[in-house]
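Colleague: Here you go, sequence then predicted model.
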Amino acid sequence: MAEFLSLQDAVEGNIGDGDFVAMEGFTHLIPFAAGHEVIRQGRKDLTVSRMTPDLIYDQLIGMGAVDKLVFSWGGNPGVGSLHRMRDAVENEWPRPLAIEEHSHAAMANAYEAGAANLPFAMFRGYIGVDLPKVNPRIGSVTCPYTGEILATVPALRPDVAVIHALRADRAGNVLLEGIVGAQKEAVLAARRSIVTVEEIVDDFGPRSPNAVILPAWTVTAIALVPGGAYPSYAHGYYKRANAFYKAWDAIARDRDTFRAWMRENVLEKGPDDFRQYAARAA
């Protein structure tokens, strides 16, 4: 059942060294504040998964927190490469990084299989492509009813799912609206979950047709962190900080520049200082 905690306590109580952590958010509601708290607490040897890992995973990788990345497409959207991720893969700096690459469809299905407590996901995909040649965990099965050959991938069952959402009510239910990715599936697949929210309300009020509500029993910890998705955006709260995504390209290219930025804007700050870091860099 959902417990209301500070972000520091939520991370300290639910994410340990060596855990498998999924920080999900698709363009929208990316859990930057939570990722920064993981870095501040010095977590290491993490396996992390994400559809479209972008800047927060670049930061986690560059700070040496990540041992393995399970993902589908990684980059700085609209800008280019993730330079810290690339440095780790090509040069093993600051440590070697194992990668397991999938398609978006495979990741979404793998989370769904984890949520259903199934050992693997089965779907139509990976036909005529080369990814199975470099990822031995992509398999296939023959349908016993039609004979059709279908792709398979192992289920994703994170120790912890971390997401940012718009609102939580006082009973611990959580609301997401706007563009949603695999947040619901990741939370349901995970053993524990941390949700940062823009606000805590008495009632969600009117909601859009694509609203997702996570019942309190699916959530472990809720932390009130206004601006917790910045520099990504939160529908109805703030826009995406495109200038920061452009600025990150130069910050992340050089190791010393990256480390200096992280020291000033993450390591020497706390959750209450969160939104100021991007405004200065942009």
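Modeller: Okay, I see it.

Colleague: List the beta-bridge partners for residue 175.
Modeller: Beta bridges link residue 175 to residue 167, residue 213 when assigned by DSSP bridges.

Colleague: That one: how many residues sit nearby?
Modeller: When neighbours are counted by other C-beta atoms under 10 Å, residue 175 registers 19. C-beta: built from backbone N, CA, C; applies to glycine.

Colleague: Equivalent analysis for residue 246, please.
Modeller: 14.

Colleague: now swap in residue 202 and tell me
Modeller: 8.

Colleague: residues contacting it?
Modeller: Contact partners of residue 202, counting by C-beta atoms under 8 Å, 6 or more residues apart in numbering, are 169, 170.

Colleague: start at 53 instead
Modeller: Sure, I'll start counting at 53 from here, so that last one is residue 254.

Colleague: how about it, phi and psi?
Modeller: Backbone torsions for residue 254, taken as degrees, to the nearest 10, come to phi -80, psi -40.

Colleague: same question, residue 198
Modeller: Torsion angles, degrees, to the nearest 10, at residue 198: phi -120, psi -20.

Colleague: repeat for residue 150
Modeller: Dihedral pair for residue 150: phi -80, psi 140, per degrees, to the nearest 10.

Colleague: go on, residue 222?
Modeller: The phi/psi pair for residue 222 (degrees, to the nearest 10) is phi -70, psi -10.

Colleague: ok, it to residue 263 distance?
Modeller: For residue 222, the distance to residue 263 equals 18 Å [C-beta to C-beta, to the nearest Å].

Colleague: of those two, who's got more company?
Modeller: The residue with more neighbours, out of residue 222 and residue 263, is residue 263; 14 against 11, by other C-beta under 10 Å.

Colleague: Report the contact partners of the nearest residue to that one once chain neighbours are set aside.
Modeller: Nearest non-adjacent residue to residue 263, counting by C-beta to C-beta, 6 or more residues apart in numbering: residue 229, 4.9 Å away. Residues near residue 229 by C-beta under 8 Å, 6+ apart: 218, 259, 260, 262, 263, 264, 287, 288.

Colleague: Just give the nearest non-adjacent residue to residue 278, would you?
Modeller: Using C-beta to C-beta, 6+ apart, the closest residue to residue 278 is residue 250 (5.5 Å).

Colleague: any idea how far the one you found is from residue 136?
Modeller: Remark: distance between residue 250 and residue 136 (C-beta to C-beta) = 28 Å.

Colleague: again, but for residue 96
Modeller: With distances taken as C-beta to C-beta, residue 96 is found 15 Å from residue 136.

Colleague: Equivalent analysis for residue 263, please.
Modeller: 35 Å.

Colleague: All the helices of the stretch 103-252 of the chain, residue numbers only.
Modeller: 107-114, 135-143, 156-167, 183-186, 235-241 (DSSP state H, counting those that start in this stretch).

Colleague: Quick check: residue 209 touching residue 238?
Modeller: No. Using C-beta atoms under 8 Å, residue 209 makes no contact with residue 238, being 10.2 Å away.

Colleague: follow-up on the earlier one: may I ask which of the contacts of residue 229 has the most neighbours?
Modeller: Busiest of those [other C-beta under 10 Å] is residue 218, holding 24 neighbours.

Colleague: Please name the residues that touch the nearest residue to residue 319 once chain neighbours are set aside.
Modeller: Closest residue in space to residue 319, ignoring its immediate chain neighbours: residue 92 at 6.2 Å, by C-beta to C-beta, 6+ apart. When contacts are counted by C-beta under 8 Å, 6+ apart, residue 92 touches 318, 319, 321, 322.

Colleague: quick one, what contacts the closest residue to residue 225 other than its chain neighbours?
Modeller: Computed as C-beta to C-beta, 6+ apart, the closest residue to residue 225 that is not its neighbour in sequence is residue 268, at 5.1 Å. Neighbouring residues of residue 268 by C-beta under 8 Å, 6+ apart: 53, 54, 223, 224, 225, 226.

Colleague: Would you mind giving me the PyMOL syntax to select the buried ones in those residues?
Modeller: Of the contacts of residue 268, the buried ones go into a single PyMOL selection, burial set by 16 or more other C-beta atoms under 10 Å:
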select buried, resi 54+224+225+226
